[in-house]
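**Q** pasted the sequence and its predicted model underneath.
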Amino acid sequence: MFLFSAGMFTIHSVLPGLVNRLGASYRSVVNGLYLSAYYLGGTLGTFAPGYLLELGGWSAFIGGLLIIVGLALVSTGREHA
């Protein structure tokens, strides 16, 4: 848990600067989209797993987490031009 927390802290302290640099001409829009995605992801990430657990038990809960991890791996493994 410590490594996960340290990684998230590092990512979220570095990423706003990177986002600003990549979207230099639309900084306010890019920052707004980043913050919206951050808080929406946080909200869904705390609500959805509990809902899956209640709806389908441990199998649905673990399956949902595996899908999220799989999507994260697929999205980060792609090269962006």
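**A** Yep, that arrived.

**Q** which residue is nearest the centroid of the chain?
**A** Gly41 (5.6 Å; CA atoms, centre = their mean).

**Q** in what helix or strand does it lie?
**A** helix 27-76 (DSSP states H and E).

**Q** quick check: mean pLDDT across that helix?
**A** Helix 27-76 shows a mean pLDDT of 89.

**Q** go on, stretch 4-24?
**A** 82.

**Q** which outside residues touch that stretch?
**A** Residues outside stretch 4-24 that contact it (CB atoms under 8 Å, 6 or more residues apart in numbering): Arg27, Val29, Val30, Asn31, Tyr34, Tyr38. Quick note: C-beta positions are derived from backbone N, CA and C, even for glycine.

**Q** out of those, which is nearest to Leu55?
**A** Leu55 lies nearest to Tyr38 out of these, by CB to CB, at 25.9 Å.

**Q** list the contacts for the closest one?
**A** His12.

**Q** off-centre distance for the helix holding Gly41?
**A** From the chain centre to the centre of helix 27-76 is a distance of 6 Å (CA atoms, centre = their mean, to the nearest Å).

**Q** for the closest residue to Tyr34 other than its chain neighbours, grab the count of nearby residues.
**A** Nearest residue to Tyr34, sequence neighbours excluded (CB to CB, 6 or more residues apart in numbering): Val19, at 5.0 Å. Val19 has 15 neighbours, counted by other CB atoms under 10 Å.

**Q** what separates Val19 from Gly56, distance-wise?
**A** 36 Å (CB to CB, to the nearest Å).

**Q** pull the number of nearby residues for Gly23.
**A** The burial count for Gly23: 15, using other CB under 10 Å.

**Q** give me phi/psi at it?
**A** Dihedral pair for Gly23: phi -110, psi 50, per degrees, to the nearest 10.

**Q** report the separation between it and Ile68.
**A** Gly23 is 26 Å from Ile68, by CB to CB.

**Q** ok, now Met8?
**A** Met8 is 15 Å from Ile68, by CB to CB.
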